[in-house]
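Colleague: Fold the following and give me the result.
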Amino acid sequence: MKKESERKSEYIEADLRKRFPSEPKDFTRHIAEEIDLVCDPTGLDLEVEDTEVQAGNKSVDILCKIKFSDGKAIIENMLGTVDWDHLGKLIGYPELVSARTAILIAIEVPLDIRKILNSLNACNPNRKYYALEIEYNKVSYEDEEGQMRETPPILRLNVVVKPDILSKTAGPLSERERGDIDYWEALGKVMDETDNNVSCKKPRAGCWLPFSSPSYLEFSAGIRQDKDNGEEYIAVSLESKNVDADLFREIKEKREQIESELGEKLDFKARGKFPSVRVLKKASANERSNWPEQHKWFARNANKFDAIILPIVKECASKIRANKTSF
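Modeller: Next comes the predicted model:
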């Protein structure tokens, strides 16, 4: 039986076109249903208003409202390399639908396109441009018996262009944005001082901050408000894009085991095809005096979550794969 440190693992590119044959019917619809795929890497709090929204004689793929503001954002998708036509749409569409933020999602964003968008971010404080590249990989790994297994493919959007929110040219930060950054910076310091495998990524304005982990799984810290009762809570979450319906069901079956090892109750939230698994704590980040206790909670549970969930996810993925190939 091999130790965890002795086992092989590698990323393998999966077939994106097989998963999303049609850009408007499949990919755009998926992004609209799972808008956190865009919210998490960009730090934007987006709420989808509609898809295929008319803009002149063309249509915007996705139109969003930016929460806690009166601003809007457009999302333009391309299952390929960005061309000049899509760049023109990204620049022109915001004027037609009164949006201040434009987000481009593509398999590849060439360097010349990135340069143009960065220049636009630098010279126009009233407009913000983001570009995200699509990554669709599965992980091949060796199990305890030395057999090679594969996880379900994971869709990830990586930011390659974004406005510098701390730059003067990007306009002054709002009180809420400054508070967000202060909160996450303080958490980052606590994580750095804690002896664990998980660290925070660069602080930014927004209600979520991704963790960096040795595992292929993506975790994040978050601050949320319950839509029904208005209660606020903090959360450590396994991102929904890492958990498909079959894997969600397998993890849920091991709920008692996981909760026993974590020492926390799990929250399972079924959101369409891509549910999420979270640890929650009722808390408000409005009072700075509460931050130290909250940050210690984040640090403790992020490391435990990563260490405990990862082996179980690998085991469940192996079981699902074995069942699917046994017929």
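
Colleague: Determine the number of other residues adjacent to V53.
Modeller: By other C-beta atoms under 10 Å, 16 other residues sit near V53. No exception for glycine: its C-beta is placed from N, CA and C like everyone else's.

Colleague: let me fix that: N124
Modeller: 15.

Colleague: Please, where are all the helices along this protein?
Modeller: Assigned by DSSP state H, the helices in the chain fall at 16-19, 29-33, 36-42, 84-97, 111-123, 175-193, 245-253, 255-262, 291-325.

Colleague: do you know which of these lies nearest K202?
Modeller: Among the helices of the chain, the nearest to K202 by C-beta to C-beta is helix 175-193 (8.4 Å).

Colleague: Identify the bridge partners of V53.
Modeller: V60 (DSSP bridges).

Colleague: if I pick it, what's in contact with it?
Modeller: S59, V60, I62, L63, V97 (C-beta atoms under 8 Å, 6 or more residues apart in numbering).

Colleague: Just the buried residues of these.
Modeller: Among these, those classed as buried by neighbour count (16 or more other C-beta atoms under 10 Å) are V60, I62, L63, V97.

Colleague: And for the second one, nearest residue in space, chain neighbours not counted?
Modeller: To tie it back to what came earlier, the one meant is I62. Leaving out its chain neighbours, the residue that sits closest to I62 by C-beta to C-beta, 6 or more residues apart in numbering is I75, at 3.9 Å.

Colleague: any idea how far the one you found lies from L187?
Modeller: Distance of I75 to L187, computed by C-beta to C-beta, to the nearest Å: 28 Å.

Colleague: With G230 instead?
Modeller: From G230 to L187 the distance is 24 Å (C-beta to C-beta).

Colleague: These two: which is more packed in?
Modeller: L187 (23 against 7).

Colleague: I figured that one hits K201, correct?
Modeller: No - assessed by C-beta atoms under 8 Å, L187 is found out of contact with K201, at 10.9 Å.

Colleague: Now list whatever residues contact both of these two.
Modeller: L209.

Colleague: Closest one of the contacts of V53 to N196?
Modeller: Taking these together and measuring to N196 by C-beta to C-beta, the closest member is I62, at 36.8 Å.

Colleague: my guess is that closest one meets T28, correct?
Modeller: Yes - contact status for I62 versus T28: in contact at 6.4 Å, counting by C-beta under 8 Å.

Colleague: between these two, what contacts are shared?
Modeller: T51, N77.

Colleague: count of residues packed around K72?
Modeller: 17.

Colleague: so how far is Q294 from the nearest residue to it once chain neighbours are set aside?
Modeller: With sequence-adjacent residues excluded and distances taken as C-beta to C-beta, 6+ apart, K72 is closest to A99, at 4.1 Å. From A99 across to Q294, the span is 34 Å (C-beta to C-beta).

Colleague: Disregarding residues adjacent in the polypeptide, which is nearest to the residue nearest the centre of the chain?
Modeller: Here the mean C-alpha position of the chain is nearest to the C-alpha of D40 (C-alpha atoms, centre = their mean), at a distance of 3.5 Å. With sequence-adjacent residues excluded and distances taken as C-beta to C-beta, 6+ apart, D40 is closest to W208, at 5.5 Å.

Colleague: what's the one you found in contact with, if anything?
Modeller: C39, D40, G43, S220, A221, G222, I223.

Colleague: buried set for stretch 57-71?
Modeller: In stretch 57-71, counting by 16+ other C-beta under 10 Å, buried: V60, D61, I62, L63, C64, K65, I66.

Colleague: just to revisit the earlier point, nearest to A283, of the contacts of W208?
Modeller: The closest of these, once distances to A283 are taken by C-beta to C-beta, is I223, at 8.4 Å.

Colleague: give me the beta-bridge partners of the closest one?
Modeller: I234.

Colleague: need the contact list for it.
Modeller: Y183, C207, W208, E232, Y233, I234, A235, A285.

Colleague: picking up where we left off before, tell me which of the helices of the chain lies nearest to L132.
Modeller: Comparing these by C-beta to C-beta, helix 36-42 comes nearest, at 6.5 Å.

Colleague: by contact count, what packs against that closest one?
Modeller: strand 101-108, strand 128-142, strand 154-161, strand 208-212 (3 or more C-beta pairs under 8 Å, 6 or more residues apart in numbering; DSSP states H and E).

Colleague: sorry, back to before: next up, the contacts around the residue nearest to I62.
Modeller: Counting by C-beta under 8 Å, 6+ apart, I75 has contacts I31, V38, V60, D61, I62, L63, C64, I103, L104, I105.

Colleague: wait, isn't L37 in contact with N158?
Modeller: No - contact criterion C-beta under 8 Å: L37 and N158 do not qualify, at 11.0 Å.

Colleague: okay, those two: which has more neighbours?
Modeller: L37 (21 against 11).

Colleague: Now do the contacts for that one.
Modeller: I31, L155, R156, L157, K241.

Colleague: Pull the most distant pair out of those residues.
Modeller: I31 and R156 (12.5 Å).

Colleague: Domains of the protein: list them as residue ranges, please.
Modeller: Listed by automatic domain parsing, the domain ranges of the chain are 4-169, 174-325.
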